[in-house]
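*Asks:* below are the sequence and a predicted model; questions follow.
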Amino acid sequence: MFVETDGQVFLVRDRGKYRFPRGEESLPFRTDPNGVMDFGEDRVVKRTPRLDHHPEEWMGRDSVFERTDVDPLVKRAIYTTMIRCVSEVILSKGPRVLMVKAVRGYSKGHWNIPGGFMDYGEGPEAGVEREAKEEIGTQVVLDGLLNVYVSGFPGKPAYTLGFVYKGHLKSDRFRLKADEIEEAAWFTVDKGLTLTRNPFAKWGLVDFFLQSPVARRALHVKRHGLSERTKPADVPTVLLDRDGVINRGRPGYVRTPEQFEFLPSAIAGMRLFQEHGWRLVIVTNQDASGWKLVPERQLRRIHDRMLASLRTEGIRISEIYYCPHHVLSECACRKPRPGMLLAAARDLGVRPRNAWMVGDKPLDVQTGRAFGCHTAWVGPPSWRKRFEADVHPWSPDVIADDLRKAAVAILKRTG
Ligand SMILES: [Mg+2]
């Protein structure tokens with residue numbers, strides 16, 4: 001048990017050495033759980049003590065490293081809690097942002113925004129100017145801090161703090177650092193989101209998009225029009241796929257209001273979210289509309305009828321976004337592209353860190369991942385077995401039989 005308060009750590013003396021108290025040993029004060037650090041063989045449980053005084057007699061966390069009478073596991077756990085700092089920059093030109101493709105390191109073969117780990121003694125601004133200049137060989141001009149984010153370090157119990165700046169280039173002529181960057185190019189925000197795996201880059205791209213009038217205007221997404229008078233607010237939001245989550249999917253599409261059939265648990269699931277203060281948004285690919293099988297007028301009738309049924313149940317949908325384009329179109333909105341989610345960010349104030357995408361297809365999970373939000377994959381066990389391999393790369397945070405069960409699991413995870 002790693003019990004810490006205000007930089008002081010509670011250790012027990014055991015045969016001349018200081019170590020953490022073990023699970024079965026009782027503590028002389030009460031504690032509350034504060035996470036688990038998994039080191040393989042050792043599991044260190046972090047706990048916060050309930051104390052009415054400052055424990056001067058405990059060991060200062062920084063002094064353990066120079067001592068030889070402290071258990072190495074204590075040193076390791078304290079070292080792990082030291083937050084890593086990266087500093088990155090979104091360089092823009094109109095609605096486009098500059099992204100670079102790494103040759104080596106953690107993001108090898110993947111696109112990212114310029115930046116990296118800060119050096120010893122270096123502030124975030126100096127760090128990002130140095131890293132960006134090293135990577136692309138040209139001076140960057142910072143236009144201010146976009147935001148500071150925190151994220152778990154993949155596969156490790158450590159955490160990283162990410163400073164993301166906005167900026168621009170003095171000159172468009174890159175000299176890429178050959179052993180680090182193989183390519184640099186300008187992308188729209190929706191495209192950039194599909195290219196990067198870095199959560200800081202994703203969250204920064206969404207914040208950049210929200211602050212950039214030209215980027216916001218450049219995104220064209222169809223919506224039902226429910227949100228026209230809504231003031232954007234950062235409220236927990238569930239982004240719901242339609243067919244297979246809210247209503248039964250049909251071979252040959254839902255073409256008339258009469259063919260729209262709610263799934264048994266869908267309304268209960270939506271009600272559960274709403275009762276907990278969540279906002280409901282629908283994001284649906286309707287390529288049948290692009291093929292003129294279901295003209296947009298007809299899609300509107302189907303949705304009006306769905307909304308009327310939901311209203312009688314006391315359920316309010318904040319907006320319905322739909323993509324009427326066909327499979328081969330280059331629109332920003334067709335899932336797995338995140339355009340409809342970006343539109344929800346713009347129109348309603350949805351933030352990826354406060355949102356979940358719920359869908360029955362692997363591409364729904366992929367869409368949520370692209371946006372940088374949490375994801376839930378729903379469907380009966382036989383359905384899930386069929387798509388298990390396809391969904392695997394997108395690792396959904398929650399897997400459930402239906403929307404109600406997904407709602408229970410999501411609400412439990414978000415407290
Ligand atoms: Mg679906």
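*Replies:* Ah, there it is. Residues are numbered from 1 along each chain as shown.

*Asks:* may I have the phi/psi pair for residue 204?
*Replies:* Backbone torsions for residue 204, taken as degrees, to the nearest 10, come to phi -70, psi -40.

*Asks:* tell me the contacts of it?
*Replies:* Counting by Cβ atoms under 8 Å, 6 or more residues apart in numbering, residue 204 touches 88, 90, 113, 146, 147, 149, 162, 164. From N, CA and C alone the C-beta is placed, and that goes for glycine too.

*Asks:* not counting sequence-adjacent ones, nearest residue to the last one?
*Replies:* The shortest distance from residue 164 to any residue that is not its chain neighbour, by Cβ to Cβ, 6 or more residues apart in numbering, is 3.6 Å, and that residue is residue 204.

*Asks:* pick out the residue of the protein closest to the ion.
*Replies:* residue 244 (3.6 Å; Cβ to the ion).

*Asks:* is that residue in contact with residue 360, as I believe?
*Replies:* Yes. Look at residue 244 against residue 360 with Cβ atoms under 8 Å: they come within range, at 3.4 Å.

*Asks:* need the residues touching each of the two.
*Replies:* In terms of Cβ under 8 Å, 6+ apart, residue 244 and residue 360 are both contacted by the residues 378, 379.

*Asks:* so residue 391: helix, strand or coil?
*Replies:* Look at residue 391: counting by DSSP: H, G, I helix; E, B strand; the rest coil, its state is helix.

*Asks:* angles on the backbone of the nearest residue to it once chain neighbours are set aside, please.
*Replies:* Using Cβ to Cβ, 6+ apart and skipping the chain neighbours, the partner closest in space to residue 391 is residue 362 (4.2 Å). Main-chain torsions, residue 362, degrees, to the nearest 10: phi -50, psi -30.

*Asks:* identify the residues contacting residue 362.
*Replies:* The contact partners of residue 362, by Cβ under 8 Å, 6+ apart, come to 377, 387, 390, 391, 394.

*Asks:* again, only using 10 Å
*Replies:* Counting by Cβ atoms under 10 Å, 6 or more residues apart in numbering, residue 362 touches 336, 377, 387, 388, 389, 390, 391, 392, 393, 394, 396.

*Asks:* same check on residue 405?
*Replies:* Residue 405 neighbours (Cβ under 10 Å, 6+ apart): 265, 268, 269, 376, 378, 398, 399.

*Asks:* ok, residue 304 next?
*Replies:* Taking Cβ under 10 Å, 6+ apart, one finds 224, 257 in contact with residue 304.

*Asks:* roughly how far apart are it and residue 224?
*Replies:* Using Cβ to Cβ, to the nearest Å, residue 304 is found at 8 Å from residue 224.

*Asks:* what's the neighbour count on residue 240?
*Replies:* When counting by other Cβ atoms under 10 Å, one arrives at 27 neighbours for residue 240.

*Asks:* so it bridges to which residues?
*Replies:* Using DSSP bridges, the bridge partners assigned to residue 240 are residue 282, residue 358.

*Asks:* so for it, what's the pLDDT?
*Replies:* For residue 240, the model assigns a pLDDT of 98.

*Asks:* hmm, which two among the contacts of residue 362 are most spread apart?
*Replies:* Spatially, the most separated pair among those is 336 and 388, at 17.5 Å (Cβ to Cβ).

*Asks:* more neighbours, these two?
*Replies:* Set side by side, residue 336 and residue 388 show more neighbours around residue 336, with 18 against 12, by other Cβ under 10 Å.

*Asks:* how much space separates that one from residue 241?
*Replies:* Residue 336 sits 11 Å away from residue 241, going by Cβ to Cβ.

*Asks:* what's the overlap in contacts for the two?
*Replies:* Both residue 336 and residue 241 are in contact with 285, 359, 361, 363, 364, 365, 367, 368, where contact means Cβ under 10 Å, 6+ apart.
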